[in-house]
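Engineer: I would like to see how this sequence folds:
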Amino acid sequence: MSKKNFKIFPDAFSYEGLENKLSGITSSSAYHITKARQPDLFNQVSNLLPPGYFEARKNDIESIDFIYSGSTESPYLLTLAVGRNDRFRGSEKYDIDVFNIAPESGTTASYFEHQWHHFKNENGERVSFNINPFIVTDEMKRKEITYVTFLTASTCYQSFEEYEKEHPEIFKLHELSFKNL
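Structural biologist: Reported below is the predicted structural model:
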């Protein structure tokens, strides 16, 4: 990973602030959340994203895959794989930006946030999925295509094992992103 592909937000959360934002969400679980199907949960989890990032892309973000490790007994280790519509090399793509939230070194009082913009896999390739080979100018049509061709999963909440079976590519990003911290 090149340094230009990530940004660190030190002291992004206090333990209490993070615990409050996670209220009502089950720990040791993985979630596939879409804006259209689970708007309340989507809004709650999107509060973990840097405000400037979310505000700039809120019309293009359609899903958040949220992997919630840790609990009140152990440090929170969170991954948010943010799926958003993008255009790249003349076609419609579904890009994944990855955010990790983990404790600052040596303490669990504060947590940093690490953003991998245009996350790249172990081969150095940008992680994105082809949605349409051509640019779609109508925004409603673009969203329809995204949901029909890519966001068809109906399950929102799963154990890690179930989630890894259904979304192996995203679970691998979770493991790879923490490995590269």
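Engineer: If residue 85 is in a bridge, with which residues?
Structural biologist: residue 94 (DSSP bridges).
Engineer: For it, give me its contacts.
Structural biologist: 60, 62, 92, 93, 94, 95, 131, 142, 143, 146 (CB atoms under 8 Å, 6 or more residues apart in numbering). C-beta: built from backbone N, CA, C; applies to glycine.
Engineer: Most neighbours among the residues you listed, please name it.
Structural biologist: In terms of neighbours by other CB atoms under 10 Å, those top out with residue 146 at 24 neighbours.
Engineer: What backbone torsions are found at that one?
Structural biologist: Backbone torsions for residue 146, taken as degrees, to the nearest 10, come to phi -60, psi -50.
Engineer: Cross-check the contact I'm expecting between it and residue 136.
Structural biologist: No - contact criterion CB atoms under 8 Å: residue 146 and residue 136 do not qualify, at 9.4 Å.
Engineer: which residues do these two both contact?
Structural biologist: With CB under 8 Å, 6+ apart, residue 146 and residue 136 have common neighbours residue 92.
Engineer: ranges for the strands of the protein?
Structural biologist: 6-14, 29-34, 61-69, 77-88, 91-103, 110-116, 128-132, 157-158 (DSSP state E).
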